[in-house]
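J.: Need the 3D shape of this:
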Amino acid sequence: MSNCLVIDTSSRYLTVIAAKDGRVAKRHISDCALNHSVILMDEVDKALDEVGLSPKECDFFGAVTGPGSFTGIRIGISAIKGFATALGKRGVGVTSFEMISYNVNSDCHYAVAIDAAHGYYYVCGYAPDGSEDIAPCYLSGERVAALNRPVYGFEELPFGRYTRLNADECLLGALPLMEKREGGLAALYVRRSQAEEERAKRLGNL
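T.: Residues are numbered from 1 along each chain as shown. Sure thing, here's the model as predicted:
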């Protein structure tokens, strides 16, 4: 395993993982009330200290790039870009969908769902071999159920064939996926932010 620092600030929780010479420190706060910008760097310092890792020793830095909280995604990507740029190292991203799917072992087609609030979900579909067969989309709960697939996620979701995974364990499990990537930290938003939606409505009414 490479030396690395990876973080997930894409939802209400916060996960920070530091790895050095096969030793791993995992910091996880299940609900930080979307206060990532205040808490993040303290948790990073604690994880680095736990394994005796300095940022300059990292082979790469990684972040979960969404979908999820628009603000949280930006915080995570900005922090990791800062580390990577300052130290001339790889900055790599993994989507919330990939993070979960990489930890699923299924013999049938399935979906990964992220709560988007107000009865809607960010959804991506996968074949048994792990390849994507439904592109990331924004669906109502009724349409998710109509897919008639097992659903995986990391929150309490109201679907009959649903399996809840631990987000921090999924991020840890996805480290090999991130390790193989050359770089890239593009945010995956799937839909426009509420501010953009409201702006579009105002312009449409002019």
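J.: helix, strand or coil for residue 108?
T.: The local conformation at residue 108, judged by DSSP: H, G, I helix; E, B strand; the rest coil, is coil.
J.: likewise the one 10 residues further on?
T.: Using three-state DSSP, the structure places residue 118 in coil.
J.: List the contacts of it.
T.: Shown in contact with residue 118 (C-beta atoms under 8 Å, 6 or more residues apart in numbering): no residues. Glycine gets a C-beta too; all of them are placed from N, C-alpha and C.
J.: if I look at it, how far off is residue 187?
T.: Distance of residue 118 to residue 187, given as C-beta to C-beta, to the nearest Å: 21 Å.
J.: just residue 86 next, same as before
T.: 20 Å.
J.: Compare these two and say which is more crowded by neighbours.
T.: Per other C-beta atoms under 10 Å, whichever of residue 86 and residue 187 has more neighbours is residue 187, with 18 against 11.
J.: my read is the more buried one is in a helix, agree?
T.: No. Applying three-state DSSP, one finds residue 187 to be coil, outside a helix.
J.: where does the chain have low pLDDT?
T.: Residue ranges of the chain with pLDDT under 70: 192-206.
J.: quick one, domains of it?
T.: 4-97+165-190, 106-163 (automatic domain parsing).
J.: Going by residue numbers, what spans are helices in the protein?
T.: Secondary structure of the chain by DSSP state H: the helices cover 36-51, 70-87, 96-101, 141-146, 167-173, 175-179, 194-204.
J.: Quickly compare those and say which is most buried.
T.: For the helices of the chain, the largest average neighbour count (mean count of other C-beta atoms under 10 Å) is found in helix 96-101, namely a mean of 25.
J.: top strand in the protein by residue count?
T.: strand 132-140 (DSSP state E).
J.: Can you tell me what sits against that strand?
T.: Here strand 132-140 has contacts from 67, 95, 97, 109, 111, 116, 119-127, 147, 188, 190-191, using C-beta under 8 Å, 6+ apart.
J.: And for stretch 35-48?
T.: Outside of stretch 35-48, the residues within contact range by C-beta under 8 Å, 6+ apart are 5, 7, 9, 14, 16-18, 25-27, 29, 32, 54-55, 71-72, 75-76, 79.
J.: If any of those residues are buried, put those into a ChimeraX selection.
T.: The ChimeraX command for the buried members of the contacts of stretch 35-48 (criterion: 16 or more other C-beta atoms under 10 Å) is given here:
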select :5,7,9,14,16,17,18,25,26,27,29,32,55,72,75,76,79
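J.: Show me the contacts of stretch 35-48 that map onto strands.
T.: 5, 7, 14, 16-18, 25-27, 29.
J.: That's all I had, so thanks and see you.
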